[in-house]
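In: I'll drop the sequence and a predicted model, then ask my questions.
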Amino acid sequence: MSTSKEEFLFLIGGRLREERETIGKSQSAIAEELGTTTRTWGKYERGETAPDGATLAFLNAKYGMDTLYILTGKRTPDLGDISNDELELIKIYRAAPLAVKAAALAALTAGSSATGSINVTGSGQRVAGRDYHEEKK
């Protein structure tokens with residue numbers, strides 16, 4: 001399925017309008033804040049054109065508008081302040097085989113009462129070097 005640039009602009013415009021309405025601002029109030037015209041803002045929301053990166057950054061900084069959502073339709077997850085080490089762990093975890101993921105989760109939750117079991121998703125039926133269905137044969 002192919003989506004045209006015009007369709008993307010239309011979707012971006014709709015999400016931009018949704019974010020504006022969430023903060024309770026009118027088109028003219030937002031346009032004034034940005035130093036642009038209501039006509040230009042209306043073009044953004046109708047999907048005739050798109051705001052530039054600086055405009056999106058301003059809307060995020062000033063109003064907390066979710067620029068990832070505006071551009072892609074996916075909400076930015078609320079991770080709080082995440083360190084570079086934590087980001088690296090996520091990258092390594094995502095690339096790891098299922099057995100390594102299971103071991104990592106077991107190590108990180110050892111002694112913690114936060115969870116009673118570990119759920120690991122992935123492909124294959126092997127966990128910690130053993131076939132998950134091994135005893136069912």
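Out: Received it, and whenever you're ready, just let me know what you need.
In: what is the least confident helix or strand in this protein?
Out: Every helix and strand of the chain was ranked by mean pLDDT, DSSP states H and E. The lowest is strand 130-131, at a mean of 48.
In: quick check: residue 76 is in a strand.
Out: No. Per DSSP: H, G, I helix; E, B strand; the rest coil, residue 76 lies outside any strand segment and is coil.
In: what helix or strand does the residue nearest to it when sequence neighbours are not counted sit in?
Out: Among residues not flanking residue 76 along the chain, residue 68 sits closest, at 4.4 Å (C-beta to C-beta, 6 or more residues apart in numbering). Backbone N, C-alpha and C define where each C-beta goes, glycine included. Element membership of residue 68 [criterion: DSSP states H and E] is helix 67-72.
In: wait, a helix at residue 88?
Out: Yes. Counting by three-state DSSP, residue 88 falls inside a helix.
In: tally up the residues packed near it, please.
Out: The burial count assigned to residue 88 is 10, neighbours taken as other C-beta atoms under 10 Å.
In: right, I'll call it a day here.
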